[in-house]
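**Student:** Below are the sequence and a predicted model for it; my questions follow.
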Amino acid sequence: MFMILGSSFNYTSTDGTTWTDSGGLANANAVVYGNGIFVLVGPTGQMYTSSEGTTGTWTQRDSGGTKDIHDIIYKE
């Protein structure tokens with residue numbers, strides 16, 4: 001799956017040609033996929049997770065902080 005993050009949107013695509021608004025955190029700074037889960041992070045400690053990465057599947061999580069999160073990585 002492909003994902004584009006913007007200042008007020010995020011889109012997903014399975015083929016890189018057709019794009020769909022994926023909902024979730026509209027002003028996300030970074031996204032990572034690992035262990036079957038997408039994680040979006042953004043300003044003021046915002047964090048969302050989804051197993052599908054599509055509209056209506058995002059769940060807000062508590063990052064434990066209020067600082068802007070600019071990046072996220074996954075390592076096995």
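**Tutor:** Looks like it came in fine. Numbers count the residues shown, from 1 in each chain.

**Student:** mind listing what the residue nearest the centre of the chain touches?
**Tutor:** Nearest to the mean C-alpha position of the chain, counting by C-alpha atoms, centre = their mean, stands Leu40 at 2.7 Å. Leu40 makes contacts with 5, 10, 24-25, 28, 30-31, 46-50, 58, as judged by C-beta atoms under 8 Å, 6 or more residues apart in numbering. Using the backbone N, CA and C atoms, a C-beta is placed for each residue, glycine as well.

**Student:** just checking, Ser8 touches Ala28?
**Tutor:** No. The criterion here is C-beta atoms under 8 Å, and Ser8 misses it with Ala28 at 10.2 Å.

**Student:** Show me which of these two is the more surrounded one.
**Tutor:** More crowded of Ser8 and Ala28, by other C-beta atoms under 10 Å: Ala28, with 24 against 6.

**Student:** That one contacts Val41, correct?
**Tutor:** Yes. Ala28 is in contact with Val41 according to C-beta under 8 Å; the separation is 6.6 Å.

**Student:** shared neighbours of these two, anything?
**Tutor:** With C-beta under 8 Å, 6+ apart, Ala28 and Val41 have no common neighbours.

**Student:** Quick check: which ranges of this protein have low pLDDT?
**Tutor:** 24-25 (pLDDT under 70).

**Student:** would you list every one of the strands in it?
**Tutor:** Secondary structure of the chain (DSSP state E): strands at 2-5, 10-13, 20-21, 30-34, 37-41, 46-50, 59-62.

**Student:** what's the most buried one of those strands?
**Tutor:** Burial of the strands of the chain is given as mean neighbour count (mean count of other C-beta atoms under 10 Å); strand 37-41 ranks first at a mean of 21.
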